[in-house]
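**Student:** Output the structure for:
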Amino acid sequence: MRKIATGAAALWCVLAFSLFAASGKLPPWEKNHLLIGQGLYRANCVVCHDIDKPQAQSKKFGPSFYQLFKRDKMPLAAMKPNRDYIKVRVKFGGAIMPAFAKKLNDNEIDTIIDYIQSK
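**Tutor:** Purely as a prediction, here's the structure:
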């Protein structure tokens, strides 16, 4: 009986993911995840980084993250945007950027990156 319930739950999850993927809409649990990412971004990143304006229109000190994952290269690095590099940069900082390893845990940093990637 337990195996049937587990199999039914797994089937339901696959079906739910398929329906949301086909519709192009985010499932409710993903929307909440991105809202958390938005809150973390606003609390920690927005002071220095825009996310809704291109670099040319930004008046912030740090580079703009506007459509970051749709770009060919990151603003201050000659490489395609990737999660691992951004995570290291957030954790340990850079020449001017402060480190956030003592303020944000890995899960929170991943949630911020998910939010940036969704924009």
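**Student:** Look up how far residue 32 lies from residue 49.
**Tutor:** 23 Å (Cβ to Cβ, to the nearest Å). C-beta here means a position set from N, CA and C on the backbone, and glycine is covered the same way.
**Student:** more crowded one of those two?
**Tutor:** residue 49 (20 against 11; other Cβ atoms under 10 Å).
**Student:** Who are the contact partners of the nearest residue to the more buried one once chain neighbours are set aside?
**Tutor:** The spatial neighbour of residue 49 that comes closest, neighbours along the chain excluded (Cβ to Cβ, 6 or more residues apart in numbering), is residue 62 at 4.5 Å. Residues in contact with residue 62, defined by Cβ atoms under 8 Å, 6 or more residues apart in numbering, are 48-49, 96-97.
**Student:** Among those residues, which are located in helices?
**Tutor:** Of the contacts of residue 62, none are assigned to helices by DSSP state H.
**Student:** And the pLDDT at the residue nearest to residue 49?
**Tutor:** You'll see residue 62 listed with a pLDDT of 91.
**Student:** Give me the three-state assignment for it.
**Tutor:** In three-state terms, and counting by DSSP: H, G, I helix; E, B strand; the rest coil, residue 62 is coil.
**Student:** So, low pLDDT: which residues of this structure?
**Tutor:** The chain contains residues with pLDDT under 70 at 1-31.
**Student:** re the thing from before, now render the contacts of residue 62 as a markdown table, adding distance to residue 82.
**Tutor:** Converted to a markdown table, those look like this (distance: Cβ to Cβ, whole Å):
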| residue | distance to residue 82 |
| --- | --- |
| 48 | 20 |
| 49 | 17 |
| 96 | 21 |
| 97 | 17 |
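**Student:** Which of these are buried, as a ChimeraX select command?
**Tutor:** Buried members of those can be picked out in ChimeraX with the line below, counting by 16 or more other Cβ atoms under 10 Å:
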select :49,97
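**Student:** Can you pick out the most distant pair from the contacts of residue 62?
**Tutor:** Largest separation among those by Cβ to Cβ: 49 and 96, giving 11.9 Å.
**Student:** Which ones among the contacts of residue 62 lie within strands?
**Tutor:** Judged by DSSP state E, strands contain none of the contacts of residue 62.
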